[in-house]
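Below is the structure, and that's it, no one-letter string:
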């Protein structure tokens, strides 16, 4: 348990940041899930539309250090590749 005043304040700050980051992570995962569901149903138009929402969400999460930049890029790349397979 935190003893000093500054440590107690740091604990409060961490709790606030954790709540914000969890919310952002949940929102990002939901955006990715929407794309994956559209791909699973085979609806290319819906998948492209969902990807247009998911890509900025992933990149924002990367900018805010919720996920690593390369992780976000990899997810976008893989989703794009899966969507391009639907067109064939």
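Structure's in. What do you need? No experiment lies behind these values; they were computed from the predicted model shown.

quick one: low-confidence parts of this protein?
When residues are selected by pLDDT under 70, those of the chain lie in 88.

tell me the contacts of the residue nearest the centre of the chain?
Nearest to the mean C-alpha position of the chain, by Cα atoms, centre = their mean, lies residue 28 at 2.9 Å. Contact partners of residue 28, counting by Cβ atoms under 8 Å, 6 or more residues apart in numbering, are 54, 57, 58, 60, 61, 66, 67. Every C-beta, even on glycine, is put in place using the N, C-alpha and C of the backbone.

and those, which are buried?
54, 57, 58, 61, 66, 67 (16 or more other Cβ atoms under 10 Å).

Mind checking what secondary structure residue 65 has?
With DSSP: H, G, I helix; E, B strand; the rest coil as the basis, residue 65 sits in coil.

Just give me how far the strand or helix carrying residue 23 sits from the chain centre.
Assigned by DSSP states H and E, residue 23 belongs to helix 5-41. The chain centre lies 8 Å from the centre of helix 5-41; the measure is Cα atoms, centre = their mean, to the nearest Å.

For that helix, which residues meet the burial criterion?
Buried, per 16+ other Cβ under 10 Å, within helix 5-41: 24, 28, 31, 32, 34, 35, 38, 39.

so how many other residues sit close to residue 82?
As a burial measure, residue 82 scores 16 neighbours (other Cβ atoms under 10 Å).

Look up how far residue 37 lies from it.
12 Å (Cβ to Cβ, to the nearest Å).
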